[in-house]
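Participant: below are the sequence and a predicted model for it; my questions follow.
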Amino acid sequence: MKRILIKNAKIVNEGKIVEGDLLIENQYIAEISENISAKPDYKVIDVEGNFLIPGAIDDQVHFREPGLTHKGDIASESRAAVAGGITSFIEQPNTIPNVVTQELLEEKYQIAAEKSYANYSFMMGGTNDNLEEVLKTNPRNVAGIKLFLGSSTGNMLVDNEEVLEKIFSSTKMLIAVHCEDETTIRNNIKEYKEKYGEDVPVKFHHLIRSEEACYLSSSKAIALAKKTGARLHVFHLSTAKEMNLFTNTIPLEEKQITAEVCIHHLWFTNTDYETKGNFIKWNPAVKTEADKTALWEALLDDRIDVIATDHAPHTHEEKKQSYLQAPSGGPLVQHAVVAMFEAYHKGKITVEKIVEKMAHNPAKIFKIENRGFIREGYYADLVVVNPAMPWNVKKENILYKCGWSPFEGTNFKSRITHTFVNGELVYQNAKVSEIKAGMRLLFNR
């Protein structure tokens, strides 16, 4: 039996910070106590009063495999994730081919079983014509159903109202949605092209993929969920206006409609297009300071339930194209947790709240089995964060296959020093080990 004893930790869990020790036996957390005595066969790691948090669970990533592996792949991006304190991820179906059959879905699980450094699950993709396949999805070992209600993603747009209602009313599985109204966006692009031709400046991205485009789509999805009783999770909210669609008056476990915000919408605003250009071009767009403020308020008062990344790498060359040609999305998994700790240093959020939104709540929303908390008997997915170990993001320490980050040049005060996945120490001293310890996530449903 392999035993690792973590000594002198500030253990952050379920709204509390407790100083103590934690014993890992094989894959699991065996004991949590104020003081655990080391035995001769224990590997002892003294974390010297730093934070010990449950590994983050990122409910929305695009790791690009299969079909787009020049941008990233399951091995490269999961390595970056564990270096960033993310120990589990849920990947989206808009790879090539799109994951719209059970066979294609299982092929992705087979790739991850061989290649992933982190725990993994994959969403089944819904389209206008694959309802039968969607309904075959196993709720025990698949995270959920993903629907794109705005076509940032090739041919996965679901715009047939009848089909949408059928999917919503036919499955008890969690349905996750990307909400932007296609007609609004197309009309806005047409308008800006009439003014600027093919050289539309990127600074108008948030006006093209506008507040109205987001609100129209998300309000419609929520109305449909209420009508059908569907279990809805709305991805990457970006506007102040959408915040009135969500509630904090009932406990998370009772919510039928839940919400996510992404790191980039909490960090950047439209004024950053001036310096970052297409490198902060995301769908939905990064919007105004007022929108960012409203997102923070909703996150802290629990109208928004989860913080994720929407990690979506593209090559530097692809991003350097003109605004209309450059793809949307950017890499974030290596820097998400420390970015939130930066907000902690600024007094915007507590460490307990970071853990709630990045580990506890994704585990609750998706009903992930035995993960997301520091509890005896749970899998030892654990991260040590030193809040006073500054570093600078630069090309040499970026692990994404695409080789760039929207955080390049940023100084972070906090650093991930250790990451454990299923009891294996997979990251320490700024190095990812070659142990691919990731396991398939299972769900209590």
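Facilitator: Structure received.

Participant: and the closest residue to K367 other than its chain neighbours, what does it touch?
Facilitator: Counting by C-beta to C-beta, 6 or more residues apart in numbering, K367 lies nearest to N444, which is 4.5 Å off, once chain neighbours are set aside. For every residue, glycine as well, the C-beta is placed using N, CA and C. The contact partners of N444, by C-beta atoms under 8 Å, 6 or more residues apart in numbering, come to K367, I368, E369.

Participant: turn the residues you listed into TSV, including distance to A259.
Facilitator: Below are those laid out as TSV (distance: C-beta to C-beta, whole Å):
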residue	distance to A259
K367	17
I368	18
E369	23
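
Participant: which among those residues end up buried?
Facilitator: Burial by neighbour count, judged by 16 or more other C-beta atoms under 10 Å, picks out I368, E369 from those.

Participant: out of the contacts of N444, flag the one nearest to H62.
Facilitator: Nearest to H62 among the contacts of N444: I368, at 19.8 Å, using C-beta to C-beta.

Participant: and L5, bridged to which residues?
Facilitator: With DSSP bridges applied, the residues forming beta bridges to L5 are L23, V44.

Participant: in this structure it contacts D46, no?
Facilitator: No - with contact defined as C-beta atoms under 8 Å, L5 does not reach D46; the gap is 9.1 Å.

Participant: now the strands for the stretch 151-300 of the chain?
Facilitator: 174-178, 231-234, 257-262 (DSSP state E, counting those that start in this stretch).

Participant: ok, back up a step: and which of the contacts of N444 is nearest to V385?
Facilitator: For these, the closest approach to V385 (C-beta to C-beta) belongs to I368, at 21.3 Å.

Participant: backbone phi and psi for the closest one, please?
Facilitator: Dihedral angles of I368 (phi, psi; degrees, to the nearest 10) stand at phi -70, psi 130.

Participant: gap between it and L441?
Facilitator: Going from I368 to L441 by C-beta to C-beta, to the nearest Å gives 6 Å.

Participant: max-length helix in the chain?
Facilitator: Scanning the chain for the helix with the most residues, using DSSP state H, yields helix 211-228.

Participant: tell me the helices and strands packed up against that one.
Facilitator: Contacts defined by 3 or more C-beta pairs under 8 Å, 6 or more residues apart in numbering; DSSP states H and E place helix 211-228 against helix 161-170, strand 174-178, helix 182-196, strand 231-234, strand 257-262.

Participant: restricting to C-alpha, output the last one in CSV.
Facilitator: If I follow you right, that is strand 257-262. Extracted in CSV, the C-alpha atoms of strand 257-262 (Å, rounded to 0.1, in the frame of the first residue of the first chain):
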residue,chain,number,x,y,z
ILE,A,257,-31.4,25.7,-13.6
THR,A,258,-27.7,26.4,-12.8
ALA,A,259,-25.2,28.8,-14.1
GLU,A,260,-21.5,29.1,-14.9
VAL,A,261,-19.1,32.0,-15.4
CYS,A,262,-15.6,31.7,-16.9
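
Participant: could you give me the buried positions within that strand?
Facilitator: Buried residues in strand 257-262, defined by neighbour count with 16+ other C-beta under 10 Å: I257, T258, A259, E260, V261, C262.

Participant: what average pLDDT does that strand get?
Facilitator: Summarised as a single mean, pLDDT over strand 257-262 is 98.

Participant: how near is K146 to F268?
Facilitator: Using C-beta to C-beta, K146 is found at 24 Å from F268.

Participant: the more surrounded of those two?
Facilitator: K146 (27 against 21; other C-beta atoms under 10 Å).

Participant: quick check: that one vs A308, distance?
Facilitator: Look at K146 and A308: by C-beta to C-beta, they are 13 Å apart.

Participant: just to revisit the earlier point, would you list the contacts of N444 in JSON lines and tack on distance to E31 and pLDDT?
Facilitator: Formatted as JSON lines, those follow (distance: C-beta to C-beta, whole Å; pLDDT from 0 to 100):
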{"residue": "K367", "distance to E31": "26", "pLDDT": "98"}
{"residue": "I368", "distance to E31": "22", "pLDDT": "98"}
{"residue": "E369", "distance to E31": "21", "pLDDT": "98"}
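
Participant: wait, which of the contacts of N444 is closest to V351?
Facilitator: Nearest to V351 among the contacts of N444, counting by C-beta to C-beta, is I368 at 21.2 Å.

Participant: in this structure the closest one contacts S88, no?
Facilitator: Yes - the pair I368 / S88 is scored as a contact, 7.3 Å apart, by C-beta under 8 Å.

Participant: sorry, back to before: any chance of the strands of the stretch 151-300 of the chain in a markdown table, plus distance to L295?
Facilitator: What follows is the strands of the stretch 151-300 of the chain, written out as a markdown table (distance: least, C-beta to C-beta, whole Å):
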| stretch | distance to L295 |
| --- | --- |
| strand 174-178 | 17 |
| strand 231-234 | 13 |
| strand 257-262 | 5 |
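
Participant: low-confidence ranges, the stretch 1-150 of the chain, go.
Facilitator: In the prediction, the stretch 1-150 of the chain carries no residues with pLDDT under 70.

Participant: overlap in contacts of I368 and L441?
Facilitator: The overlap between the contact sets of I368 and L441 (C-beta under 8 Å, 6+ apart) consists of S88.

Participant: all the helices of the stretch 201-350 of the chain, residue numbers only.
Facilitator: 205-208, 211-228, 263-267, 273-276, 289-300, 316-319, 336-345 (DSSP state H, counting those that start in this stretch).

Participant: reformat the ones you listed as CSV; add mean neighbour count and distance to A176.
Facilitator: Formatted as CSV, the helices of the stretch 201-350 of the chain follow (neighbours: other C-beta atoms under 10 Å; distance: least, C-beta to C-beta, whole Å):
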stretch, mean neighbour count, distance to A176
helix 205-208, 22, 23
helix 211-228, 19, 10
helix 263-267, 23, 16
helix 273-276, 14, 27
helix 289-300, 18, 18
helix 316-319, 15, 25
helix 336-345, 22, 18
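
Participant: contacting residues for the residue lying closest to I263 once chain neighbours are set aside?
Facilitator: In this structure, I263 finds its nearest non-sequential neighbour in A336, 4.8 Å apart by C-beta to C-beta, 6+ apart. Applying C-beta under 8 Å, 6+ apart to A336 gives the contacts A56, D58, G84, G85, I86, I263, I307, T309, M358.
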